[in-house]
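In: need a structure here:
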Amino acid sequence: MNGVMSMGRRSNAKSWLTGSLKQKKWAAEYLLKKKILWDTGLANSASRSTTSAIEYLKDLDESISDNKLLLQQASSAWRAQKSRKDNKQINISISENSYNIAVQLAKSNGFSIKAMVDLLITESQNKIEELERLKKVEPEYEQACKTIGEQDTQIEDLDDELLALKKQNDVLEQELVSLKQDLPLAKPLVLAKKSESSALRSNRKEVRKKIMYAK
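Out: Coordinates of the predicted model:
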């Protein structure tokens with residue numbers, strides 16, 4: 001696992017690396033178990049610096065997938081190690097099948113069987129706590145979905161109202177066009193009636209004059 005990255009700020013994947021004396025010693029032992037040569041100039045564990053082991057982990061470039069995996073495995077192993085130290089040891093009985101699985105996992109990850117079992121239990125507990133957290137936020141999520149559904153219904157109702165208003169507007173525009181078309185025909189009709197009234201008045205005057213002369 002090659003490639004290092006010098007950064008002033010440590011990432012979350014490395015936040016567990018406190019650099020304590022116990023952790024430095026543990027890191028050296030862990031890298032030896034993983035057969036990782038963090039100090040290629042030294043031939044054996046006795047001559048290797050425990051400080052260089054922890055610095056090797058701190059300087060790993062996380063953009064390299066193998067390095068990121070190593071940091072995750074090391075973090076889990078360290079938590080399991082602390083859990084073992086902090087808690088009273090008890091003996092339990094497990095099935096042969098479960099024991100064989102634990103042996104295979106421990107061998108694949110470079111852990112002791114006890115460390116592997118502790119790690120599996122710790123990770124299971126973390127998953128349970130995450131599920132509990134999700135259960136707590138589930139009602140809020142359901143309420144948010146309900147609110148969104150109600151808002152969608154309101155939007156659909158508004159869309160229907162807007163469509164109805166558009167239809168009414170179209171009808172009014174058609175009626176306005178029809179009225180504009182009828183106006184030029186109405187004007188000559190009014191003028192004709194006015195001419196007819198003038199003619200009648202003139203005829204009445206003529207009749208009156210004739211009656212006057214007849215007398």
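
In: can you pull the contacts of residue 167?
Out: Under the criterion of C-beta atoms under 8 Å, 6 or more residues apart in numbering, residue 167 has no neighbours. From N, CA and C alone the C-beta is placed, and that goes for glycine too.

In: so for it, what's the pLDDT?
Out: As predicted, residue 167 sits at a pLDDT of 86.

In: doesn't it belong to a helix?
Out: Yes - membership of residue 167 in a helix is supported by DSSP: H, G, I helix; E, B strand; the rest coil.

In: please tell me how far it sits from residue 178.
Out: Residue 167 is 17 Å from residue 178, where distance means C-beta to C-beta, to the nearest Å.

In: next one: residue 57
Out: 86 Å.

In: those two: who's more crowded?
Out: Using other C-beta atoms under 10 Å as the criterion, residue 57 and residue 178 rank with residue 57 on top: 24 against 9.

In: confirm for me that that one is in contact with residue 15.
Out: No - Residue 57 is beyond contact range of residue 15, at 11.9 Å (criterion: C-beta atoms under 8 Å).

In: buried set for the helix or strand containing residue 68?
Out: Per DSSP states H and E, residue 68 falls inside helix 65-86. By 16 or more other C-beta atoms under 10 Å, the buried positions in helix 65-86 come out as 67-68, 70-71, 73-82.

In: identify the residues contacting that helix?
Out: Outside helix 65-86, the residues that reach it (C-beta under 8 Å, 6+ apart) are 1, 3, 13-14, 16, 23, 26-27, 30, 34, 36, 57, 60-62, 109-111, 114-116, 118-119, 122-123.
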